[in-house]
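# coordinates only, sequence not included:
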């Protein structure tokens, strides 16, 4: 996750590549994460710290229960904040400063949605709206366990299906099917709740930059601008900055040097994305210094088995925070849609991790004040 670099566009070869096996001690599943830690000496080595990571994995659920809302000082809804905080703690044992690769996806076209959403939307809009909405509703009605088995089977043949959360993926496809334009499709792709204003009593939408109203931008560039002005500062940078500073680890973001951002904005789209892969300038530079087998792999999010934990070790904690009586007394959230998603998640009918986690972080933060 954290990448040391000599310059913004040159990979520093004198770094240690740490492979951390985060062990899900309940379900015997190993989640593999990689990070680069700065070190002297011109070498790249793989350091397995399985035993240490196993002990830390047991602390994940404790961190979620106890201090995550206080660490971020707001109801921060991105569950990758959990492993980011633990990774920052681990890195602080070795170094005091890290350089991150944040911003690379947003300015060099790295996210899968840049490649898939515009073409999916064009094909979907050839179908009449009522049929598209019927198809989206049908996708959502299929039990999540069926989708999970299907993705597991497909992953044996098509590697891109491996480790992809079936419920979230199907939900995003359904959202694009329902969308009338790129702006609404993008909203479905980056949101956890389809209608968040209906969840919060008396809520109004906050003003934001309308990237989709900028003339002369291609759909790809519109999505990149939306992420650069919203998702990147509001989620990614906030997450990494607060997680690292909580352990006195300084994180710097070289790819967001204004000269790099300005350069990336002038590059033709075909220089950024080729053969279904984004970030082509960074890939070509990295290939000069690091063997491709170490990094040329399917894109993998920095997540944790939150869906499983909410049915297991975090269930009692979640039940307490989602209690309808307390929510009604607080007068902020409508408990009915939340309880509906919670019960469907517990039964395995639906993957509600994203929606539930956002509510849980808000409730935990509210109680910590």
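Cool, the structure landed. From a predicted model like this one, the values you see are computed outputs, not experimental measurements.

# okay, now the unreliable bits of this protein?
Scanning the chain for pLDDT under 70 picks out 1-66, 159-163, 207-209, 300-301, 303.

# so residue 232 is in contact with residue 111, correct?
No - taking C-beta atoms under 8 Å as the definition, residue 232 is not a contact partner of residue 111, at 10.8 Å. No exception for glycine: its C-beta is placed from N, CA and C like everyone else's.

# could you tell me which residues touch both of those two?
Common contact partners of residue 232 and residue 111 (C-beta atoms under 8 Å, 6 or more residues apart in numbering): none.

# now the phi/psi pair for residue 94, please.
The phi/psi pair for residue 94 (degrees, to the nearest 10) reads phi -110, psi -30.

# typed the wrong thing, it's residue 76
phi -80, psi 120.

# run a quick neighbour tally on it.
Counted with other C-beta atoms under 10 Å, residues neighbouring residue 76 total 22.

# ok, residue 109 next?
Neighbour count of residue 109, defined by other C-beta under 10 Å: 25.

# what of the one 4 residues further on?
Counted by other C-beta under 10 Å, the residues lying close to residue 113 total 18.

# buried stuff in the strand or helix carrying residue 363?
Element membership of residue 363 [criterion: DSSP states H and E] is helix 353-368. Going by neighbour count (16 or more other C-beta atoms under 10 Å), the buried part of helix 353-368 is 353-366.

# before we move on, what about stretch 304-323?
In stretch 304-323, counting by 16+ other C-beta under 10 Å, buried: 304-307, 309-311, 313-314, 317-318, 321-322.

# of all these, which comes closest to residue 144?
Nearest to residue 144 among the buried residues of stretch 304-323 is residue 307, at 8.8 Å by C-beta to C-beta.

# in this structure the closest one contacts residue 148, no?
No - using C-beta under 8 Å as the test, residue 307 is too far from residue 148 to be in contact (9.8 Å).

# got any residues that touch both of the two?
With C-beta under 8 Å, 6+ apart as the test, residue 307 and residue 148 both reach residue 167.

# where do the strands sit along the chain?
Along the chain, the stretches classed as strands by DSSP state E are 5-7, 10-11, 15-24, 29-38, 46-48, 97-99, 250-252.

# what residues does residue 179 make contact with?
Residue 179 is in contact with 121, 124, 185, 187, 188, counting by C-beta under 8 Å, 6+ apart.

# nearest spatial neighbour of the second one, skipping sequence neighbours?
With C-beta to C-beta, 6 or more residues apart in numbering as the criterion, residue 124 has its nearest non-adjacent residue at 5.2 Å, and that residue is residue 177.

# quick revisit: among the buried residues of stretch 304-323, which lie within helices?
306, 307, 309, 310, 311, 317, 318, 321 (DSSP state H).

# need the contact list for the fifth one.
For residue 311, the residues meeting the contact criterion (C-beta under 8 Å, 6+ apart) are 345, 346, 348.

# and for the residue nearest to the last one when sequence neighbours are not counted, the neighbour number?
Read that as residue 348. Leaving aside its sequence neighbours, residue 348 sits nearest to residue 145 (C-beta to C-beta, 6+ apart; 5.0 Å). A total of 15 residues lie near residue 145 under the criterion other C-beta under 10 Å.

# try residue 258
The number of residues packed near residue 258 is 7, by other C-beta under 10 Å.

# that one and residue 131, how far apart?
46 Å (C-beta to C-beta, to the nearest Å).

# next: residue 285.
Counting by C-beta to C-beta, the gap from residue 285 to residue 131 is 46 Å.

# coming back round to it: so how far is residue 318 from the residue nearest to residue 348?
Applying C-beta to C-beta, the value for residue 145 to residue 318 is 20 Å.

# with residue 116 instead?
According to C-beta to C-beta, residue 116 and residue 318 sit 32 Å apart.
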